[in-house]
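Participant: Everything below, folded, please.
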Amino acid sequence: MSSVFFLPDRLEKTPDIIPPIMQPISSPDKPFDKVLQQKSYFGGLSSFFFVILYRNPLTILFMIHKLVELTEKAQHKPRRKIAVAAAEDEPVLKSLKAAMQNGIASPVLVGDKNEIKKVADLIDFDLSNIEIIHNDKGANESAKIAVSVVKNGEADILMKGFVSTGGLLKAVLDKENGLRKAEILSHVAFFESPYYHKLLCLTDAAMNIAPDFDTKVHILNNAVEACHKIGITLPKVAVVAALETVNPKMEATVHAALLKEMNVNNQLQGCIVDGPFAIDIAVNKEAAAHKGIVSEVAGDCDIILVPDIEAGNMLYKALNFLGGAVCAAVIMGASVPIVLTSRSDTETSKVRSIALAAAMD
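Facilitator: Numbers count the residues shown, from 1 in each chain. Here you go, the predicted structure:
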């Protein structure tokens with residue numbers, strides 16, 4: 001039998017009388033891993049409660065630990081269509097071939113049909129059952145067409161091919177024909193590290209150069225949404241800086257404290273936010289204990305929110321090249337996930353990113 005427990009969210013004001021908060025309710029007809037919000041009233045004051053449904057006490061401990069679990073999740077969903085802008089690119093076609101073979105996604109290729117077929121022949125990629133939309137007017141035009149394919153509901157994911165990032169994003173952000181949903185687009189990367197006990201989300205390492213406070217709020221919300229879409233229902237967010245105390249001369253620490261306060265006041269929901277934390281505190285419980293920091297986020301975070309693109313990019317590459325980590329990444333903030341890999345990314349990394357996008361609910 002499934003059980004439901006009302007878990008108290010943070011209150012705007014503590015009521016004089018607090019009713020029982022752990023009330024099990026049978027709900028066998030509700031799907032696992034679904035999060036609802038219920039409003040209750042205490043003498044005119046409202047508070048929010050997360051209603052978490054789970055089949056037995058052990059399933060609440062479930063957490064995605066490996067990127068391969070995202071591939072498995074994608075394989076058990078209806079196969080997603082992925083529109084590829086300027087698909088006449090060998091590394092991209094190799095990753096799409098692998099994604100098809102693994103039952104993750106099926107492509108809609110946009111670009112010069114003859115060039116696409118030439119590249120496909122080089123890698124023995126059979127295109128006989130794959131839709132190709134011919135365009136010989138340049139990569140930027142291919143980006144516009146690929147975006148329109150997604151906008152018309154003919155594809156569920158957008159992927160960058162042999163087109164500049166600027167060219168693709170210009171099409172995505174077009175006010176009339178684009179895919180923009182949130183206030184900003186941001187880069188969200190999920191890392192699997194041999195030194196961490198679960199997947200770790202890093203944001204933003206590639207899109208927003210020096211985000212102000214408002215932009216950080218949107219970056220955080222995009223990352224939380226990405227976590228929700230792969231089944232991490234209440235992600236713990238560590239807002240990192242160089243130290244754990246607020247220093248007015250260090251903007252990152254001030255922003256971290258404000259984000260934490262917004263979370264306490266229910267202005268940031270669906271997550272638990274804490275900080276400022278140095279990176280060791282964010283990912284290591286022993287380091288937190290050594291410094292006397294008591295936090296449910298410290299040493300167990302799901303999301304690391306970095307202060308700027310420089311910190312994010314360095315951490316991203318350090319994890320990849322020095323830390324033995326592997327990752328998958330997407331752009332969030334559009335109406336669909338965007339796979340925007342770099343030229344230096346391996347085929348395997350591209351396939352992981354496609355799997356991440358395809359696994360999202």
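Participant: who touches the strand or helix carrying A146?
Facilitator: For A146, the enclosing helix or strand under DSSP states H and E is helix 139-151. Identification of contacts with helix 139-151 by C-beta atoms under 8 Å, 6 or more residues apart in numbering yields 83-87, 108, 110-111, 133, 135, 155-159, 161-164, 167-168, 170-172, 174, 177-179, 335-336. Where C-beta positions appear, they are placed from N, C-alpha and C, glycine not excepted.
Participant: Beyond that helix, next helix or strand please.
Facilitator: Downstream of helix 139-151, the first helix or strand assigned by DSSP H and E is strand 157-160.
Participant: Run the chain-centre distance for that following strand.
Facilitator: Between the centre of strand 157-160 and the centre of its host chain there is 15 Å, according to C-alpha atoms, centre = their mean, to the nearest Å.
Participant: Run through the neighbouring helices and strands of that strand.
Facilitator: Counting contacts by 3 or more C-beta pairs under 8 Å, 6 or more residues apart in numbering; DSSP states H and E, strand 157-160 packs against strand 80-85, helix 90-101, helix 139-151, helix 165-172, strand 338-339, helix 347-359.
Participant: Partner strands of that strand, with direction?
Facilitator: Strand pairing for strand 157-160, using DSSP bridges, gives strand 80-85 (parallel), strand 338-339 (parallel).
Participant: mind exporting it as CSV, just the C-alpha atoms?
Facilitator: Output of strand 157-160 as CSV, limited to C-alpha atoms (Å, rounded to 0.1, in the frame of the first residue of the first chain):
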residue,chain,number,x,y,z
ILE,A,157,14.5,18.0,-28.1
LEU,A,158,16.7,20.5,-30.0
MET,A,159,20.4,19.7,-30.7
LYS,A,160,23.2,21.8,-32.0
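Participant: Quick check: which ranges of the stretch 1-150 of the chain have low pLDDT?
Facilitator: 1-63 (pLDDT under 70).
Participant: follow-up on the earlier one: right, so of the helices and strands packed on strand 157-160, which gets closest to E183?
Facilitator: helix 165-172 (13.9 Å; C-beta to C-beta).
Participant: CSV please, covering the helices and strands packed on strand 157-160 and showing mean neighbour count and distance to I272.
Facilitator: Formatted as CSV, the helices and strands packed on strand 157-160 follow (neighbours: other C-beta atoms under 10 Å; distance: least, C-beta to C-beta, whole Å):
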stretch, mean neighbour count, distance to I272
strand 80-85, 27, 30
helix 90-101, 21, 34
helix 139-151, 23, 33
helix 165-172, 20, 31
strand 338-339, 27, 27
helix 347-359, 25, 23
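Participant: could you dump those to a markdown table with distance to V273?
Facilitator: What follows is the helices and strands packed on strand 157-160, written out as a markdown table (distance: least, C-beta to C-beta, whole Å):
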| stretch | distance to V273 |
| --- | --- |
| strand 80-85 | 31 |
| helix 90-101 | 34 |
| helix 139-151 | 32 |
| helix 165-172 | 28 |
| strand 338-339 | 25 |
| helix 347-359 | 23 |
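Participant: For F321, which of these is the nearest?
Facilitator: In terms of C-beta to C-beta, the element of the helices and strands packed on strand 157-160 nearest to F321 is helix 347-359, at 12.4 Å.
Participant: and the closest one, C-alpha only, in PDB?
Facilitator: What follows is helix 347-359, C-alpha atoms only, in PDB (Å, rounded to 0.1, in the frame of the first residue of the first chain):
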ATOM      1  CA  GLU A 347      30.900  11.000 -28.700                       C
ATOM      2  CA  THR A 348      30.100   9.300 -25.500                       C
ATOM      3  CA  SER A 349      29.600  12.600 -23.800                       C
ATOM      4  CA  LYS A 350      27.200  13.700 -26.500                       C
ATOM      5  CA  VAL A 351      25.200  10.500 -26.200                       C
ATOM      6  CA  ARG A 352      25.000  11.000 -22.500                       C
ATOM      7  CA  SER A 353      23.600  14.500 -23.000                       C
ATOM      8  CA  ILE A 354      21.000  13.200 -25.500                       C
ATOM      9  CA  ALA A 355      20.000  10.600 -22.900                       C
ATOM     10  CA  LEU A 356      19.700  13.200 -20.300                       C
ATOM     11  CA  ALA A 357      17.400  15.300 -22.500                       C
ATOM     12  CA  ALA A 358      15.400  12.200 -23.500                       C
ATOM     13  CA  ALA A 359      15.000  11.100 -19.800                       C
END
